[in-house]
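> Okay, here's the prediction I keep looking at, along with the sequence it came from:
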Amino acid sequence: MDDDEVAAAYDARAAEYIALIGSIDQMERDDVARIGRWRDETPGVLLDAGCGPGLWTAFLANPDPAPDPRSPRREVVGVDVSAAFLAAARARHPALRFESASMRELPFPDGSFGGVLAWYSLIHVPPVEMAEVVAELARVLAVGGRIRVGFFDGEPRERFAHAVAPAYYWSAEALTPLLESAGLRVIRSERREREPGAAGSVRPHGALEAERIR
């Protein structure tokens, strides 16, 4: 699917998506803790690539447990292709910056960000285009900056019927060469089975962290 098709699919079901997994409180505690650690270890401006309704953008912007939403502590930019998601994000988090942009062609100079979060936002990218998208995310990441990627762990490149739009499984082993080709070095990986009733999905979870070295 191209960006327009993905955007239309999410626009049509944005309200349903937001009700199901639209806040940090609905996320798995392990994910919140690990993304919080990544945030705190990663200096500079952060990019939430595929930000949806802005839940992770707000979490990245405000490290404090009880932040003042009018005064973000960290500079973060959220981007997405879904107009409905961006409207919700701006309404919920008016102090934060959200832009309409594709991960295939980000409107930022090289090395703009100290960290990039791509949390389940690459799942709809056709496998033949994944290397190109990863390279674009790496382009806007500063040398020494870190990217954190979340994905459904399974047979790499296998398509499955995601609730909103067709998606693809990946694995750490399959993604690592793509990250390395883009000048990134993998420094952490994880995989876990889902607990019954887990937020958002019953499919196995995978994640990678990588640092830009060139």
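Arrived safely, thanks for sending. This one's a predicted model, so the numbers in the text were calculated from it and none came from an experiment.
> Which positions in the host helix or strand of Ala118 come out as buried?
Using DSSP states H and E, the element containing Ala118 is strand 113-119. Under the neighbour-count criterion of 16 or more other C-beta atoms under 10 Å, strand 113-119 has Phe113, Gly114, Gly115, Val116, Leu117, Ala118, Trp119 buried. C-betas here are computed from N, CA, C, even on glycine.
> Counting by contacts, list what it packs against.
helix 29-41, strand 46-49, helix 55-61, strand 141-152 (3 or more C-beta pairs under 8 Å, 6 or more residues apart in numbering; DSSP states H and E).
> Now render the buried residues of strand 113-119 as a markdown table, adding pLDDT.
Formatted as a markdown table, the buried residues of strand 113-119 follow (pLDDT from 0 to 100):
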| residue | pLDDT |
| --- | --- |
| Phe113 | 98 |
| Gly114 | 98 |
| Gly115 | 98 |
| Val116 | 98 |
| Leu117 | 98 |
| Ala118 | 98 |
| Trp119 | 97 |
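> Distance-wise, check Asp4 relative to Tyr17.
Asp4 sits 18 Å away from Tyr17, going by C-beta to C-beta, to the nearest Å.
> which one of those two has more residues nearby?
A count of neighbours by other C-beta atoms under 10 Å puts Tyr17 above the other of Asp4 and Tyr17, at 20 against 10.
> and Ala58, what does it touch?
Ile24, Pro69, Arg92, His93, Leu96 (C-beta atoms under 8 Å, 6 or more residues apart in numbering).
> Nearest to Ser171 among the residues you listed?
Closest approach to Ser171 among the contacts of Ala58 (C-beta to C-beta): Ile24, at 26.6 Å.
> which residues does the closest one contact?
Val32, Leu55, Trp56, Ala58, Phe59.
> Could you single out the nearest of these to Asp11?
Out of the contacts of Ile24, the member with the shortest distance to Asp11 (by C-beta to C-beta) is Leu55, at 17.5 Å.
> re the thing from before, need the max-distance pair from the contacts of Ile24.
Taking C-beta to C-beta, the two most distant members of the contacts of Ile24 are Val32 and Ala58; they sit 12.2 Å apart.
> The residue nearest to Arg90 when sequence neighbours are not counted: neighbouring residues, count only.
Here the nearest residue to Arg90 in space, its sequence neighbours aside, is Phe98; by C-beta to C-beta, 6 or more residues apart in numbering that works out to 5.4 Å. By other C-beta under 10 Å, 24 other residues sit near Phe98.
> Quick check: beta-bridge partners of Phe98?
Phe98 has these beta-bridge partners by DSSP bridges: Gly78.
> Relative to Phe85, how far out is it?
In this view, Phe98 and Phe85 are 9 Å apart by C-beta to C-beta.
> joint contacts of the two?
By C-beta under 8 Å, 6+ apart, Phe98 and Phe85 have these common neighbours: Cys51, Gly54.
> Please pull out the lowest mean pLDDT helix or strand from this protein.
Ranking every helix and strand in the chain by mean pLDDT, DSSP states H and E puts helix 14-21 at the bottom, with a mean of 90.
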